[in-house]
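A.B. asks: Quick one, what's the 3D model for this:
(one chain, ligands or ions: 1)
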Amino acid sequence: MNILLCAKQVPDTTQVKINPVTNTLIRDGVPAILNPFDTYALEAAARIKDKYPDTKIVVLSMGPENAKNALKECLAVAADKAYLVTGRPFGGSDTLATSYILANAVKKVEELEGTKFDAIFCGKQAIDGDTAQVGPELAEHLGYPQVTCALECELKDNRLEVLKEGQDNNMIIGVRLPCVLTFTKPGFNPRYPNIRRRMAANRAEIPIITSEDLTEIDSACIGLKGSPTRVKKSFVSQKKGAGMIVREETAEKTSAKLIALLSDAHII
Ligand SMILES: Cc1cc2nc3c(=O)[nH]c(=O)nc-3n(C[C@H](O)[C@H](O)[C@H](O)COP(=O)(O)OP(=O)(O)OC[C@H]3O[C@@H](n4cnc5c(N)ncnc54)[C@H](O)[C@@H]3O)c2cc1C
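C.D. replies: Numbers count the residues shown, from 1 in each chain. Here you go, the predicted structure:
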């Protein structure tokens, strides 16, 4: 099986501090990490490779030159090859433009690797942008079926059986290949790299893909001018108290309790 993992390098939010004057995040000097949700997607791919050792895992990231560090982390854990999509024309891309560029890059990597990918794995969301839009948009650009919020998956009869997290109940969904899956946090921890793989990853050459390599791309659909959305303001939201969860034996009792609480607090 051939799996392509989309991985994003993100600021380590546990290290982000707040500027007390502007009340915005101080990103300078903040260490970058592999997006945690992408580590879950990588673990899912590695588990398939454990079972089917001829599985090939290729990682793709769009970002600045230093995003190679996130790619090397993937190589150290389980990936066989990594590609970085980078260049000025891609700067300022929103999720629509990002997924369009990634879709074109998937086709380019298929051409370079001389093989088609059976599945594209993504994290559910990136912890900086937090939109959770790139995976589903990528599936649309490629015309592939998709399953979001995957916890685990298994190859069965040329399909993937996906354990999907639901709000109240989990479900198992069968999806034909090729497909896009986005992964959320499973009940187990992703594996750590061993020293041999870590050293090999540090030495690995990571090929670069630029806008010139993506000959099919429409330059009007990338970067700022290809992005219909803009982040107008970024700020830290004010905490509004601890909150509480109302859960009674039945939905009727829960809603009655909620109404009573809101009414007592003169909110309704
Ligand atoms: C604070 C902030 C707010 C933003 N808000 C918006 C917004 O409201 N609307 C908007 O259109 N854009 C927004 N952006 C821009 C957005 O971050 C970029 O478009 C980004 O490239 C993808 O969006 P995301 O981080 O939300 O990804 P998500 O959709 O949350 O990422 C899901 C998964 O897609 C894959 N993926 C995402 N980006 C990449 C990448 N560059 N390379 C490889 N794989 C990737 C990963 O597997 C990731 O786990 C915002 C950025 C920031 C920093």
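
A.B. asks: what are the ranges of the helices in the stretch 51-200 of the chain?
C.D. replies: 68-77, 95-113, 134-142, 195-203 (DSSP state H, counting those that start in this stretch).

A.B. asks: possible to save the ones you listed as JSON lines with mean pLDDT and distance to the ligand?
C.D. replies: For glycine as for every other residue, the C-beta is placed from the backbone atoms N, C-alpha and C. Converted to JSON lines, those look like this (pLDDT from 0 to 100; distance: least, Cβ to the nearest ligand atom, whole Å):
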{"stretch": "helix 68-77", "mean pLDDT": "98", "distance to the ligand": "9"}
{"stretch": "helix 95-113", "mean pLDDT": "98", "distance to the ligand": "4"}
{"stretch": "helix 134-142", "mean pLDDT": "98", "distance to the ligand": "3"}
{"stretch": "helix 195-203", "mean pLDDT": "97", "distance to the ligand": "18"}
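
A.B. asks: if you compare the ones you listed, which one is most tucked away?
C.D. replies: Highest mean neighbour count of these: helix 68-77, a mean of 22 (counted as mean count of other Cβ atoms under 10 Å).

A.B. asks: which helices and strands does that one pack with?
C.D. replies: Identification of packing neighbours for helix 68-77 by 3 or more Cβ pairs under 8 Å, 6 or more residues apart in numbering; DSSP states H and E yields strand 32-34, helix 36-51, strand 56-62, strand 81-85, helix 195-203.

A.B. asks: Ok, which of these comes nearest residue 110?
C.D. replies: Closest approach to residue 110 among these is made by strand 56-62 (9.2 Å; Cβ to Cβ).

A.B. asks: Can you work out which other helices and strands pack against that closest one?
C.D. replies: So strand 56-62, by 3+ Cβ pairs under 8 Å, 6+ apart, packs with strand 2-6, helix 36-51, helix 68-77, strand 81-85, helix 95-113.

A.B. asks: Let me know the distance separating the closest residue to residue 209 other than its chain neighbours from the ligand.
C.D. replies: In this structure, residue 209 finds its nearest non-sequential neighbour in residue 85, 4.7 Å apart by Cβ to Cβ, 6 or more residues apart in numbering. Noted for residue 85: a distance of 7 Å to the ligand, by Cβ to the nearest ligand atom, to the nearest Å.

A.B. asks: mind listing what residue 85 touches?
C.D. replies: By Cβ atoms under 8 Å, 6 or more residues apart in numbering, residue 85 lies in contact with 60, 61, 62, 63, 101, 102, 105, 208, 209, 210, 214.

A.B. asks: try 7 Å
C.D. replies: Contacts for residue 85 (Cβ atoms under 7 Å, 6 or more residues apart in numbering) come out as 60, 61, 62, 101, 105, 209.

A.B. asks: Count the residues that sit near the last one.
C.D. replies: Residue neighbour count, defined by other Cβ atoms under 10 Å, stands at 20 for residue 209.

A.B. asks: what's it sitting at in phi/psi?
C.D. replies: Dihedral angles of residue 209 (phi, psi; degrees, to the nearest 10) stand at phi -120, psi 130.

A.B. asks: rewinding a little: what's opposite the residue nearest to residue 209 in the beta bridge?
C.D. replies: residue 62, residue 209 (DSSP bridges).

A.B. asks: between the helices and strands packed on helix 68-77, which one is nearest to residue 119?
C.D. replies: Among these, helix 36-51 comes nearest to residue 119, with 8.3 Å by Cβ to Cβ.

A.B. asks: Greatest separation within the contacts of residue 85: which pair is it?
C.D. replies: It's 61 and 101 that sit farthest apart of the contacts of residue 85, by Cβ to Cβ, at 11.2 Å.

A.B. asks: just checking, residue 12 touches residue 33?
C.D. replies: Yes - between residue 12 and residue 33 there is a contact at 4.6 Å, judged by Cβ atoms under 7 Å.
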